[in-house]
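In: I would like to see how this sequence folds:
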Amino acid sequence: MIILGAPFQQQLSWPLRTVRLLGLIVLIVNIARVDPRPGWQGQGLAVAITLSLATAGWPLWLASDWLPRYAVIIAWVLIGVPGGVLAGLSPHSGAIAFPAVALTDAGARLAHRRMFALGVACTAGVLAGHLAAGWRYALPHLLLLFACALLGTLRWQYVQRAEQSELLLSNAEYAAQEHARAATLAERTRIAREIHDILAHSLAALSVQLKAIDALVEDGAGADRIRPWIGRAEQLTNEGIVETRRAILALRGETLPLEQLLVGILGVYREQDGAAAEFRAVGDPVELPADITMTLYRTAQEALTNVRKHAPGSRVETELRYRPGEVELTVVNRVPEPDGAPAGGDQGVAGLAEQGTGYGLAGMRERAEAVGGLLDAGPHQGSWRVHLRIPL
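Out: Below you'll find the model as predicted:
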């Protein structure tokens, strides 16, 4: 690839083109007035030929916007090499401007190796001209060409850094957009999970109650038998409303203390299921983020739901343990045994494991992973244990 810096075909304004054209005219007039003047023999012929070649490259340089890159390179070579010879032949005419212009412009647009080759060619042209006309101004001319080449190279490096900075900024903006998109997706997932939990724990239970009421009505049950079931359905509806409000607060980053939430759902379990439920907190309590609080709460809630489904009436023991750098929740319940099996035997635990609780366990694991936690659910010493550990 030839061009590594600024765009090869630079967009020049018409005022700038006019200035460059006027510069060429000034150079031609000045060269024509200074000895050795263009002629038909000797140094005059050499001046005429080199001036014609350098002048022929100048319009190509002015039209570089519309020309292919090889034509622009030809323009630099024509301006720089014959112009360098002309500078050596006519050191008082200002012809050194030809190679100086070529090296300055090419240095900002050519790769280093090709820029070096052009610089060597221009230097050789200057030396060839001085070889014929004398060495008095050779050193100043060479120093000027070196300065112009260095200026062009510095400009090339500046353009490179600007392009890299623009690329880094673009990448940073893209990364920020992707991060915002990922955060949005994570928040949507969190909201969907909260909605699922509310529906699973409220509407599903309400559906069971309504089906029971429908069965009672078909059996011709009296109002005294139906009314408790209606009351229970109303209670479940109110609990669903409370859970919805609690989910909204959690999404806003506002939650009740975790111990209060756990004591509340265990109290409901004791009241509604007539079963024993114990809670204890171990360690020094710390303020937990809203997402961790809701993950622990929903895990305990799902564990109690699974107990109602697969081991109704079982004694439940819940422990919340604070450790340095982490918090743990453990929910343990005794497993009912098949007829004729000893209490707490392996058959009952295996039966619960086979039933699986399916999506409930999957949902708990998803919640745990979302906050960097680890969930373990399965048989444990003749009981069923749900254990959640979350680093803080």
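
In: any idea which helix or strand carries Trp58?
Out: Assigned by DSSP states H and E, Trp58 belongs to helix 42-62.

In: Can you name every helix or strand that the helix or strand just after that helix contacts?
Out: Proceeding N to C from helix 42-62, the next assigned helix or strand is helix 69-89, under DSSP H and E. With contacts defined as 3 or more Cβ pairs under 8 Å, 6 or more residues apart in numbering; DSSP states H and E, helix 69-89 has these neighbours: helix 42-62, helix 97-107, helix 112-133, helix 138-198. For the C-beta atoms, the positions are set from N, CA and C on the backbone; glycine is no exception.

In: tell me the SS of Thr330?
Out: strand (DSSP: H, G, I helix; E, B strand; the rest coil).

In: is the closest residue to it other than its chain neighbours in a bridge, and if so with what?
Out: The shortest distance from Thr330 to any non-neighbouring residue, by Cβ to Cβ, 6 or more residues apart in numbering, is to Glu319 (4.6 Å). Applying DSSP bridges to Glu319 gives these bridge partners: Arg280, Thr330.

In: Quick one: residues contacting Glu319.
Out: Residues near Glu319 by Cβ atoms under 8 Å, 6 or more residues apart in numbering: 279-282, 328-330.

In: before we move on, the earlier item: alpha carbons of the helix holding Trp58, in CSV - could you do that?
Out: Taking Å, rounded to 0.1, in the frame of the first residue of the first chain, the C-alpha atoms of helix 42-62 are listed here in CSV:
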residue,chain,number,x,y,z
GLY,A,42,25.0,24.2,-23.0
GLN,A,43,23.6,25.0,-19.6
GLY,A,44,20.9,27.1,-21.1
LEU,A,45,19.5,24.0,-22.9
ALA,A,46,19.8,22.0,-19.6
VAL,A,47,17.9,24.7,-17.8
ALA,A,48,15.2,24.8,-20.5
ILE,A,49,14.7,21.0,-20.4
THR,A,50,14.6,20.7,-16.6
LEU,A,51,12.3,23.7,-16.3
SER,A,52,9.9,22.2,-18.9
LEU,A,53,9.8,18.9,-17.1
ALA,A,54,9.3,20.4,-13.6
THR,A,55,6.6,22.7,-15.1
ALA,A,56,4.9,19.8,-16.7
GLY,A,57,4.6,18.1,-13.3
TRP,A,58,3.1,21.1,-11.6
PRO,A,59,-0.4,21.0,-13.3
LEU,A,60,-0.6,17.3,-12.5
TRP,A,61,0.1,18.2,-8.8
LEU,A,62,-2.7,20.9,-9.0
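
In: Next, the buried residues of that helix.
Out: 43, 46-48, 50-51, 53-55, 57-58, 60-62 (16 or more other Cβ atoms under 10 Å).

In: Helix, strand, or coil at the residue nearest to Arg136 when sequence neighbours are not counted?
Out: Nearest residue to Arg136 in three dimensions, chain neighbours excluded: Pro91, at 7.1 Å (Cβ to Cβ, 6+ apart). Going by three-state DSSP, the secondary structure assigned to Pro91 is coil.

In: quick one, phi psi at Pro91?
Out: phi -70, psi -20 (degrees, to the nearest 10).

In: Kindly provide the distance from it to Thr123.
Out: 15 Å (Cβ to Cβ, to the nearest Å).

In: what's the span of stretch 81-95, first residue to last?
Out: One end of stretch 81-95 to the other measures 11 Å (Cα to Cα, to the nearest Å).

In: Now it: buried residues?
Out: When neighbours are counted by 16+ other Cβ under 10 Å, the buried residues of stretch 81-95 are found to be 81-91, 93-95.

In: Closest to Met115 out of these?
Out: Using Cβ to Cβ, Val81 comes nearest to Met115 of the buried residues of stretch 81-95, at 14.1 Å.

In: that older thread, now for the residue nearest to Arg136: which residues touch it?
Out: Contacts of Pro91 (Cβ under 8 Å, 6+ apart): 130, 133-134, 136-137, 141.

In: Also Gly267?
Out: Gly267 neighbours (Cβ under 8 Å, 6+ apart): Ala277.

In: Need phi/psi at it.
Out: Torsion angles, degrees, to the nearest 10, at Gly267: phi -60, psi -40.

In: start the count at 9, not 1, going forward
Out: All right, first residue 9 from here; so that's Gly275.

In: quick one: pLDDT of it?
Out: On the pLDDT scale, Gly275 is placed at 87.

In: Then Asp347?
Out: pLDDT at Asp347 comes out at 50.

In: Let me see the contact set for Pro107.
Out: 87-89, 91-92, 95, 130, 133-134, 153, 156.

In: tell me which of these is nearest to Asn38?
Out: Ala95 (12.1 Å).

In: And the closest one, how far from Ala83?
Out: Distance from Ala95 to Ala83, by Cβ to Cβ: 17 Å.

In: Output whichever strand or helix holds Leu274 as PDB, restricted to C-alpha atoms.
Out: Per DSSP H and E: Leu274 is located in helix 266-281. Coordinates of each C-alpha in helix 266-281 appear next as PDB, following Å, rounded to 0.1, in the frame of the first residue of the first chain:
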ATOM      1  CA  LEU A 266     -34.000  -9.000  53.800                       C
ATOM      2  CA  GLU A 267     -34.600 -10.400  57.300                       C
ATOM      3  CA  GLN A 268     -38.000  -8.700  57.400                       C
ATOM      4  CA  LEU A 269     -38.900 -10.200  54.000                       C
ATOM      5  CA  LEU A 270     -37.900 -13.700  55.000                       C
ATOM      6  CA  VAL A 271     -39.700 -13.600  58.300                       C
ATOM      7  CA  GLY A 272     -42.800 -12.400  56.400                       C
ATOM      8  CA  ILE A 273     -43.000 -15.300  53.900                       C
ATOM      9  CA  LEU A 274     -42.200 -17.900  56.600                       C
ATOM     10  CA  GLY A 275     -45.000 -16.400  58.600                       C
ATOM     11  CA  VAL A 276     -47.400 -16.800  55.700                       C
ATOM     12  CA  TYR A 277     -46.200 -20.400  55.300                       C
ATOM     13  CA  ARG A 278     -46.900 -21.200  58.900                       C
ATOM     14  CA  GLU A 279     -50.300 -19.600  58.800                       C
ATOM     15  CA  GLN A 280     -51.500 -21.000  55.500                       C
ATOM     16  CA  ASP A 281     -49.900 -24.400  55.600                       C
END
